[in-house]
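Enquirer: Here is a sequence with its predicted model. Questions after.
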Amino acid sequence: MKSAHLRQRHTLLALAICASTTLGGCSGIFNPGTGKFHPGTTLAELPASPLPKEPLVTMPQVELPELIGSYEKALAANSDPKTRRQIQLRLADLEMERLEQLQSDNPAMAVAYGEAVRHYEALLQTSADDDYLAYRLARARALDGNTSGSLAALENIVDTAPDSPFIAEALFRRGEAAFGRKQYRAAERDFAAVLAEGDTPFARNARYMLGWSQFKDARYREANESFLTLMDDLLAENEPRRRLLGKLEQGERRLANDTLRVLALGYNYLGGAEVIESFNPDKGPRAYQHLLYHGLGDWYAESERYRDGAQTFLTYVARYPQSDEAPHMHVRAVEILQQGNFPSEVIPAKREYVTRYGIRSEYWQNAKDSQRDLLKVQLKPWLEELARFDHARAQALAKEARGARNNARVADKALRESREAFLAAAALYGEFVETFPADEQAPELTFLMAESLNDAGEYAQAFNAYRRVAWGYTAEKGIAPARATEAGYAAILMAGEVHKREQNPERVNYWLDMKTETSLRFADTWPQDHRALAVQLDAAHNLFEQYRHQETIAAAEKAAAWQPAPNAAQRRSILLLLGHSYFEIDNFPAAENAYTQLLAGMASTDPEYLNTRDRLQSSIYKQAELILKQVQLTSDSLEFVAPTEEAIALLLRVRQSGRSAIAATAQYDAITQLVRLQRWPEARAEVADFRQYYPDHKLTPSLAAKAVAIYQGMDMPEAAAGELMALANNDSDPEVRRSSLYLAAEQFEQAGNTARAIDAYRQYTRQWQEPALQNLEAQYQLVSLYTKAGNQNERNLWLKSLSGNRVSEPRGRYLAAFAQSELAEQSYAQFERLALTLPLKQSLKNKKQAMETTVADYKKVLGFGIAEFTTAANFRLAEVYRQLSRDLMDSQRPNGLSPLELEQYEILLEEQAFPFEEKAIELHEANIQRTADGVYDKWVKNSFSSLENLLPARYRKPESTVEWSDEAY
């Protein structure tokens, strides 16, 4: 029969599989949560097996009752056993179809399948080994509620038809029955046998039930291996194109979800999330690995094991940090911790999320735009939440530190932790702004970031953040943030803090620039702010400190024109800045104007009065100084007069605001210029004024030199000499004292006051041995003055001093020769005055002694080798001998001599006189020989005259002139 019905069986099998009726009893999927089976995965719900395509034939629609009636008529009319059996089988199938249609049309109706059962039972009585009839009977009995009868029919297939196309379902149903009886090993064998049949409609469910059989038998690892194999099949793990859980058909998705749930149970029994990785195949983790962790984590959460659930998700994150699923898994962990009310663990988990997936993370850098958009969903609320949390914590710690000042250890710890919290808050605020730059919260959170950085002592970073709030967002969006003004002022303070703490000189200047620039920008942006003018003035002060004087002037003048107008203190500050800055750029008239206004508003008791007055006077003084510098460049001597007079007027105007050191200097310079212009009366008056008001001034002594010039200019040498004596006695400079004393002596001499001149020269020779030549000159002047005074003794003393000097310079030797010559002249005069009288012997002796003295004195003169005095000395020496010869011949003759005795006496005198005359001739001839050396002075001439008298035959000849002709050349 099996062979006879083979083709028919296949056709009916297809129809049976496609039928919509369900088997009852043990059919379904076990739900581990409820402990019950899910109805539906039964024979009626199994997918239909595909049939070969047949030619499209249009058949008339026939109602089932009408069709059944036709088959009943055919059965009654037909007596052939074979044909009758086929008709009976067709009637049984049609009855099943009718009942199933009835059930479908009336879901709430209890339909009885007894008639169909009886049809199949009757057919089996004659064909007990017909597997198709057994299968249809099992189905009918199942629909009729006869579970045991249905199972018995299936058992018949297993026993009698192992190759039946229905064997897989028969084994599956038997395995389900064994599972229901808690015979897990028997069930495992049947489910394994189903799987051995290959790719059948029952394979997946058999795999599922195999896993459950192993699970119920407490073989959790084997169970999870089975479940994982099922998941691999459902999600096409080992195929090129994998399937996603969300894309599965409803039945497959439900099967996959149930499988994940039972896998979670198995992982829990095996040790939790740590064992999941131990089930990985050799090639590595599965594509749906995250579903395994997700399933276990959710199960823990449902079981109120919140920490275990969150840790499961975080374990996955730690193992697969760069996976696409990691962020979602992390979020789920946070949700579970929140669900379990673990706030102390929620914050760290959120913080870790930000660290792992924030804009500064490696994950973010490698993510696609679509992934980043998903990340932003959680980053946005959590970044702000964490930042505000850290900010509040930092403020609380700072307050704690302030309250624990008496406990240094506690205070230091709280302060350190506070700073760390402020920095953490700032970093999170910054990350929010960086991640969501266009968000409406960005300006506010940037401001809070700046506040946190400020409280943490990171002033440079705080400055940048404040400045962005103040001006950056306005430039970008055209609308100023709510805290822009507050941020702008805070930026100024931050720049000031950095500048105050900076050690690097270059950076000090940079931050002062930043403070100045920010201050000016604040004042420009919010001029009506009550702090704007103060900020403007502070910027001006900073500019002045940096020597940026033109900019200082611009800033100060802007402040001066501020509305509402500056108060008295601010106006004072403005004028100071203007005065100082104009002064520094050499605009001294403008500086004078500012200082004049400033001084006018000050009381003389003001601590700054004197300093301001000095600045005013300096401004006037500098104007004169500039004019005088230009005067020095004047080439025409007449061009300097007018500007110099202008400068003098300015210099004398300085004292109008008070007698001061500057006024004294200005007056002194004015005196100098008056002297230069030879305005002697005015200069004399200013000198007197200066001495009256500044008797102890350091410049007062030096006025004596100017007074000297003035008195000399006014032809008052004695008055000039008096000033010079004051310098000589009082000046601190030795050289000034020395030169002044000498000049004083000269002025006394010029004034005709010989006595005062002599006193001055004598004082000079005593006090100033050096320079030696000048000392010798003073001695020389004394010789001259004593000559005028007729004091020969004093004159000779100074001549002797001069003649004995040892100064080797030519002038020293000259003066020595001069003095010695003067002394020799005196010796000569004395020699010349001595007459030879009787007794001749005694007078001749005296005469010769005088001659020897004179000769010795003139030889000293010759020893100096000064031509001017050498010829004179030679002449005098010759004349000494000539004079002695003449005096001998002119000497008094003794009385009472006879003519003979007188003649003999005359001969004796001639014999004594002749050698002296010869010596005179020799010396005169030696003197005239100096003409060969180009010397022809009066003394040489005198020697010629003497020789004319001594040797007239030789020397008294008429002169002849020799004419030279160029023709010789």
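Expert: Cool, got the structure. Residues are numbered from 1 along each chain as shown.

Enquirer: which residues sit against the helix or strand containing Ser945?
Expert: Here Ser945 sits within helix 938-950, counting by DSSP states H and E. If you take C-beta atoms under 8 Å, 6 or more residues apart in numbering as the criterion, helix 938-950 is touched by 871-872, 874-875, 878-879, 882, 917, 920-921, 924-925, 927-928, 930-931, 954-956. C-beta here means a position set from N, CA and C on the backbone, and glycine is covered the same way.

Enquirer: quick one: the helices in the stretch 351-500 of the chain?
Expert: 362-366, 369-403, 408-435, 442-455, 459-467, 473-477, 484-501 (DSSP state H, counting those that start in this stretch).

Enquirer: Of these, which is nearest Ala709?
Expert: The minimum distance between Ala709 and those falls on helix 484-501, with 55.4 Å, by C-beta to C-beta.

Enquirer: any idea of the angle that closest one forms with helix 442-455?
Expert: 30 degrees (axes from the mean of the first three to the mean of the last three C-alpha atoms, to 10 degrees).

Enquirer: picking that back up, which of the contacts of helix 938-950 are buried?
Expert: 871-872, 874-875, 878-879, 882, 917, 920-921, 924-925, 927-928, 930, 955 (16 or more other C-beta atoms under 10 Å).

Enquirer: what about the helix holding Ser945, distance to the chain center?
Expert: Relative to the centre of its chain, helix 938-950 is centred 100 Å away, using C-alpha atoms, centre = their mean, to the nearest Å.

Enquirer: pull the CA atoms of it into CSV?
Expert: Taking Å, rounded to 0.1, in the frame of the first residue of the first chain, the C-alpha atoms of helix 938-950 are listed here in CSV:
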residue,chain,number,x,y,z
LYS,A,938,121.4,143.6,20.2
TRP,A,939,124.0,141.8,22.3
VAL,A,940,125.8,140.6,19.2
LYS,A,941,125.5,144.1,17.8
ASN,A,942,126.9,145.5,21.0
SER,A,943,129.8,143.1,20.7
PHE,A,944,130.5,144.5,17.2
SER,A,945,130.4,148.0,18.6
SER,A,946,132.8,147.1,21.3
LEU,A,947,135.2,145.5,18.9
GLU,A,948,135.1,148.6,16.7
ASN,A,949,136.5,150.5,19.6
LEU,A,950,138.9,147.7,20.7
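
Enquirer: And that helix, what's buried?
Expert: For helix 938-950, by 16+ other C-beta under 10 Å, it's 939-940, 942-944, 946-947, 950.

Enquirer: sorry, back to before: quick one: which of the buried ones among the contacts of helix 938-950 is nearest to Asp282?
Expert: Looking across the buried ones among the contacts of helix 938-950 and measuring by C-beta to C-beta, the closest to Asp282 is Arg930, at 137.4 Å.

Enquirer: ok, now how distant is the closest one from Arg242?
Expert: 140 Å (C-beta to C-beta, to the nearest Å).

Enquirer: Might one say that Glu225 is in contact with Phe279?
Expert: Yes: in this structure, Glu225 is within contact of Phe279 by C-beta atoms under 8 Å, at 6.9 Å.

Enquirer: between the two, who's got more neighbours?
Expert: Phe279 (19 against 15; other C-beta atoms under 10 Å).

Enquirer: Next one, pLDDT for that one please.
Expert: For Phe279, the pLDDT comes out at 96.

Enquirer: what helix or strand does Ile907 sit in?
Expert: Assigned by DSSP H and E, Ile907 falls in helix 899-928.

Enquirer: which secondary structure elements does that helix contact?
Expert: helix 867-889, helix 938-950 (3 or more C-beta pairs under 8 Å, 6 or more residues apart in numbering; DSSP states H and E).

Enquirer: Okay, now the unreliable bits of the chain?
Expert: 1-62, 127-128, 633-638, 890-892, 913, 953, 957-969 (pLDDT under 70).

Enquirer: For it, which segments are assigned as strands?
Expert: 29-31, 36-38 (DSSP state E).

Enquirer: returning to what we had before: export the helices of the stretch 351-500 of the chain to JSON lines and tack on distance to Ala168 and mean neighbour count?
Expert: What follows is the helices of the stretch 351-500 of the chain, written out as JSON lines (distance: least, C-beta to C-beta, whole Å; neighbours: other C-beta atoms under 10 Å):
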{"stretch": "helix 362-366", "distance to Ala168": "48", "mean neighbour count": "13"}
{"stretch": "helix 369-403", "distance to Ala168": "44", "mean neighbour count": "17"}
{"stretch": "helix 408-435", "distance to Ala168": "57", "mean neighbour count": "19"}
{"stretch": "helix 442-455", "distance to Ala168": "65", "mean neighbour count": "24"}
{"stretch": "helix 459-467", "distance to Ala168": "72", "mean neighbour count": "23"}
{"stretch": "helix 473-477", "distance to Ala168": "70", "mean neighbour count": "14"}
{"stretch": "helix 484-501", "distance to Ala168": "77", "mean neighbour count": "21"}
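
Enquirer: So which of these is nearest Ala110?
Expert: Across these, Ala110 has its closest neighbour in helix 369-403 (51.9 Å, C-beta to C-beta).

Enquirer: Report the inter-axis angle for that closest one versus helix 408-435.
Expert: 160 degrees.

Enquirer: so who does Trp798 touch?
Expert: Applying C-beta under 8 Å, 6+ apart, the residues near Trp798 are 779-780, 782-783, 786, 819.

Enquirer: how many neighbours does the residue nearest to Arg207 when sequence neighbours are not counted have?
Expert: For Arg207, ignoring the flanking residues on the chain, the nearest one in space by C-beta to C-beta, 6 or more residues apart in numbering is Leu230 at 4.3 Å. Residues lying near Leu230 (other C-beta under 10 Å) number 25.

Enquirer: same deal with Glu718?
Expert: Counted with other C-beta under 10 Å, Glu718 comes out at 15.

Enquirer: gap between it and Leu314?
Expert: Counting by C-beta to C-beta - Glu718 and Leu314 are separated by 114 Å.

Enquirer: go on, Gly358?
Expert: 17 Å.

Enquirer: do Pro343 as well
Expert: Pro343 is 17 Å from Leu314, by C-beta to C-beta.

Enquirer: And those two? Which one has more around it.
Expert: Leu314 (24 against 8).

Enquirer: my guess is Leu652 contacts Tyr668, does it?
Expert: No: Leu652 lies out of contact with Tyr668 (C-beta under 8 Å); the separation is 11.0 Å.

Enquirer: Next, name the residue at the spatial heart of the chain.
Expert: With distances taken as C-alpha atoms, centre = their mean, Arg507 lies nearest the centre of the chain, 4.4 Å away.

Enquirer: Would you check how far apart it and Met514 are?
Expert: Taking C-beta to C-beta, one finds Arg507 at 10 Å from Met514.

Enquirer: With Ala108 instead?
Expert: 85 Å.

Enquirer: Looking at the two, which one has more neighbours?
Expert: Met514 (22 against 5).

Enquirer: residues contacting the spatially closest residue to the more buried one that is not a sequence neighbour?
Expert: Nearest residue to Met514, sequence neighbours excluded (C-beta to C-beta, 6+ apart): Ala495, at 4.4 Å. For Ala495, the contact set (C-beta under 8 Å, 6+ apart) comprises 459, 463, 511-512, 514-515, 518.

Enquirer: Including distance to Leu773, could those go into JSON lines?
Expert: Listed next are these as JSON lines, based on distance: C-beta to C-beta, whole Å:
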{"residue": "Tyr459", "distance to Leu773": "74"}
{"residue": "Phe463", "distance to Leu773": "75"}
{"residue": "Trp511", "distance to Leu773": "67"}
{"residue": "Leu512", "distance to Leu773": "63"}
{"residue": "Met514", "distance to Leu773": "70"}
{"residue": "Lys515", "distance to Leu773": "68"}
{"residue": "Thr518", "distance to Leu773": "73"}
